[in-house]
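Trainee: Need the 3D shape of this:
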Amino acid sequence: MSVLRKQYHKLRSKIRLYLQINWMKTLYINFRMLPFSQAKIFPIVIFGRCSTQSLAGKIIITEPVKFGMLGLGQRYEIFRKEKGIAELNIQGKIILRGKAQFGYDYKIFIAKNAMLTLGNMSSMASEVKVICTQNIELGDFCRMGSECQLIDTNFHDLKDTNTKKIFPKIAAIRLGSYNFISNRVTIMSKTVTPNYCIVASNSLCNKDYTSFGNNILIGGIPAKFIKDGITRDWESEKEQLEDYLTIKL
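Mentor: Numbers count the residues shown, from 1 in each chain. Here you go, the predicted model:
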């Protein structure tokens with residue numbers, strides 16, 4: 001009976017996952033943005049509602065193509081009911097270096113000539129906002145909590161009233177591998193984090209933190225160094241994360 005019960009639960013999980021997928025949008029986005037040889041494998045899977053404002057850009061996959069490499073709207077969190085406000089506006093490029101996931105109600109804007117790079121097993125939880133006008137890069141296993149936002153521009157020119165100097169409006173964002181970004185964190189232009197970095201909830205990051213080395217905790221508004229010699233226990237969680245976030249049909 002235990003074997004039958006396991007098979008039943010496995011089948012039920014697959015049926016539930018199958019029904020969560022927005023197959024029309026999945027078909028459209030794959031064949032709109034990828035070569036036919038890749039699109040037919042469905043490496044991009046859309047869950048739930050998704051508004052597509054523009055798909056004039058490209059998605060470039062640098063690893064062997066597999067089903068469900070990029071999950072958009074994936075329900076892998078405690079709360080799973082979506083508002084249905086997910087939105088895609090891809091005029092530039094997404095570089096996919098393995099598997100990556102976005103939770104539900106995401107908003108992604110990539111300007112023309114801009115590039116968003118997603119490392120293997122990088123993820124952003126529900127209600128995240130990405131505004132990429134130049135270059136945003138996430139390392140492998142860079143994981144972000146709900147309601148985070150990455151914005152690589154100030155939108156408007158700012159100047160020094162004394163010297164009349166115009167400050168740069170746009171600067172790249174680079175987040176290291178094995179970063180754990182807690183919920184409601186804002187990542188602004190010029191942010192660079194080292195590998196094995198933890199960012200506390202409700203923080204604002206706006207500069208280069210790599211001088212503090214790896215295995216650090218930063219936080220605050222703006223974020224400052226808090227503690228070193230600390231990291232998420234990635235080794236014990238890695239296998240679980242791989243299994244939990246991989247889309248399997």
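Trainee: From G84, how far out is R143?
Mentor: Shown here: R143 relative to G84, a distance of 24 Å by CB to CB, to the nearest Å. Heads up, the C-betas are built off the backbone N, CA and C, glycines and all.
Trainee: More neighbours: which of those two?
Mentor: Set R143 next to G84 and count neighbours by other CB atoms under 10 Å: R143 wins out with 22 against 12.
Trainee: Next, the nearest residue to the more buried one once chain neighbours are set aside: secondary structure please.
Mentor: Residue nearest to R143 in three dimensions, not counting chain neighbours: S123, with 5.1 Å by CB to CB, 6 or more residues apart in numbering. At S123 the chain is in strand, as set by DSSP: H, G, I helix; E, B strand; the rest coil.
Trainee: My read is that M188 contacts F155, right?
Mentor: No: between M188 and F155 there is no contact, the gap being 11.2 Å when judged by CB atoms under 8 Å.
Trainee: okay, those two: which has more neighbours?
Mentor: For M188 versus F155, neighbours defined as other CB under 10 Å are more numerous around M188 (19 against 9).
Trainee: so G145 touches N179, yeah?
Mentor: No: with contact defined as CB under 8 Å, G145 does not reach N179; the gap is 11.3 Å.
Trainee: quick one, which of those two is more surrounded?
Mentor: N179 (24 against 21).
Trainee: List the contacts of the more buried one.
Mentor: L138, G139, F141, C142, R143, T193, N195, Y196, C197, I198, V199 (CB atoms under 8 Å, 6 or more residues apart in numbering).
Trainee: What of K190?
Mentor: A171, A172, I173, N206, K207, D208.
Trainee: For L19, see how far away the first one is.
Mentor: Using CB to CB, one gets 43 Å for the distance from A171 to L19.
Trainee: So which of these two has more stuff around it?
Mentor: Legend: neighbour count by other CB under 10 Å for A171 and L19, higher for A171 (18 against 8).
Trainee: Wait, the more buried one touches N154, no?
Mentor: No: applying CB under 8 Å as the test, A171 and N154 come out as separate, 9.1 Å apart.
Trainee: Report the set of residues contacting both of those two.
Mentor: Contacts common to A171 and N154, judged by CB under 8 Å, 6+ apart, are S189.
Trainee: tally of neighbours for F212?
Mentor: Using other CB under 10 Å, the number of residues around F212 comes to 18.
Trainee: so what's it up against?
Mentor: F212 makes contact with P194, I218, F225, D228, according to CB under 8 Å, 6+ apart.
Trainee: and with 10 Å instead?
Mentor: T193, P194, C197, I218, K224, F225, I226, K227, D228 (CB atoms under 10 Å, 6 or more residues apart in numbering).
Trainee: can you pull up the bridge partners for the fourth one?
Mentor: Pointing back at I218 there. Beta-bridge pairing of I218 under DSSP bridges involves V199, F225.
Trainee: quick one: it from I230, how far?
Mentor: Distance of I218 to I230, computed by CB to CB: 11 Å.
Trainee: Next: the third one.
Mentor: Per CB to CB, C197 is found 10 Å from I230.
Trainee: Neighbour count for the two, which is higher?
Mentor: Using other CB under 10 Å, the more surrounded residue of C197 and I230 is C197, with 29 against 12.
Trainee: Look up the pLDDT of the closest residue to the more buried one other than its chain neighbours for me, please.
Mentor: The spatially closest residue to C197, leaving aside those adjacent along the chain, is N179, at 4.8 Å (CB to CB, 6+ apart). For N179, the pLDDT comes out at 98.
Trainee: Same check on I108?
Mentor: 98.
Trainee: Not counting sequence-adjacent ones, nearest residue to it?
Mentor: Distance criterion CB to CB, 6+ apart; nearest residue to I108, sequence neighbours excluded, is V130 at 4.8 Å.
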